[in-house]
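Novice: Provided below are the primary sequence and the corresponding predicted coordinates.
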Amino acid sequence: MDGRCYPPSEDSYLLLDGCIDWVNRHFSASSIEQFPLLFLEVGCAGAYVLEALIRALEPPSLAARQVHARAPPATTPRFAFFLGSDINLEALRLAREQLASLPVDLVCCSLLTALRADIVDVVAFNSPYVETSPTELREAQRHRDLRASWAGGRLGLEVAAELIAQFAFASSSDATTWRRRIAWLLLVTQDRPCWQLALMANACGLIERRRVGDERLIMVSMDHHQAKQWCETLWSDFCTEQRIEPEARVRTFAK
């Protein structure tokens, strides 16, 4: 990595390992053949996770082209479409170089704001979880630079909460709902008390917990129903306890 984007670290490895394991357990090869699936990584940075996922899940177009003869045979279900997004344009330029030979499209945007969230089957996100002031978070997002990869806002949860809300309240499309079974959000963040409450309330599913030095990380899964429950009850209650101002929540739950 050359300083343009967030380098792969333990949270990146957790996202990669968790995604591959989760997809193996939840999608069969027959379902992939019948309904081609779309996988999106939000905040793909330099595309370390996205590249490894594409190679592991090996869509048919990649297998047919045999771009990398040394790549091992696919052992996981195949996705037909891959997308990556990031707020950092320089990071996406690096990702484009890294993914030049692979079947993936890249979009520069904040979270899901420029995308049709209702047509994505799996959304993966290694969320920024370093606790920062609202001012620091706004500055990081305004400048769209490396700071946006780690600045998580109050409690280190504001960016994650924003994505969960966008995912939860995505409008359905008549053109896509006929084939859709369910969509999933796979999220890596810091293991805080609110996640234990969410697990107890069945507002998310546990994929893996991992301790890295002084950090405790967690990877969870959510469908739309669970994401709405998390936003409307657990996150709202947590904001009240932490005295987060109401106007901050309005932005989070904008639809």
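Specialist: Happy to help now that I have it.
Novice: do you have the helices of this protein handy? List them.
Specialist: For the chain, the helices defined by DSSP state H occupy 10-26, 29-34, 48-57, 60-65, 89-98, 134-143, 158-168, 193-200, 224-229, 236-241, 246-252.
Novice: so which of the ones you listed gets nearest residue 210?
Specialist: Of all these, it is helix 10-26 that lies closest to residue 210, at 5.2 Å by Cβ to Cβ. In this view, the C-beta of every residue, glycine as well, is placed from N, C-alpha and C.
Novice: and the closest one, what does it pack against?
Specialist: Applying 3 or more Cβ pairs under 8 Å, 6 or more residues apart in numbering; DSSP states H and E, one finds that helix 10-26 contacts helix 48-57, strand 122-126, strand 184-190, strand 205-212, strand 215-223.
Novice: so, low pLDDT: which residues of this structure?
Specialist: The chain contains residues with pLDDT under 70 at 1-4, 28-36, 58-78, 171-181, 242-255.
Novice: ok, which of the helices of the chain comes nearest residue 79?
Specialist: helix 48-57 (5.2 Å).
Novice: so what angle separates the directions of the closest one and helix 89-98?
Specialist: Angle of helix 48-57 versus helix 89-98, following axes from the mean of the first three to the mean of the last three Cα atoms, to 10 degrees, is 30 degrees.
Novice: switch to numbering from 25
Specialist: Sure thing, new numbering starts at 25, so read that last one as helix 72-81.
Novice: got the buried residues for helix 72-81?
Specialist: Judged by neighbour count using 16 or more other Cβ atoms under 10 Å, the buried positions of helix 72-81 are 72, 73, 74, 75, 76, 77, 78, 80, 81.
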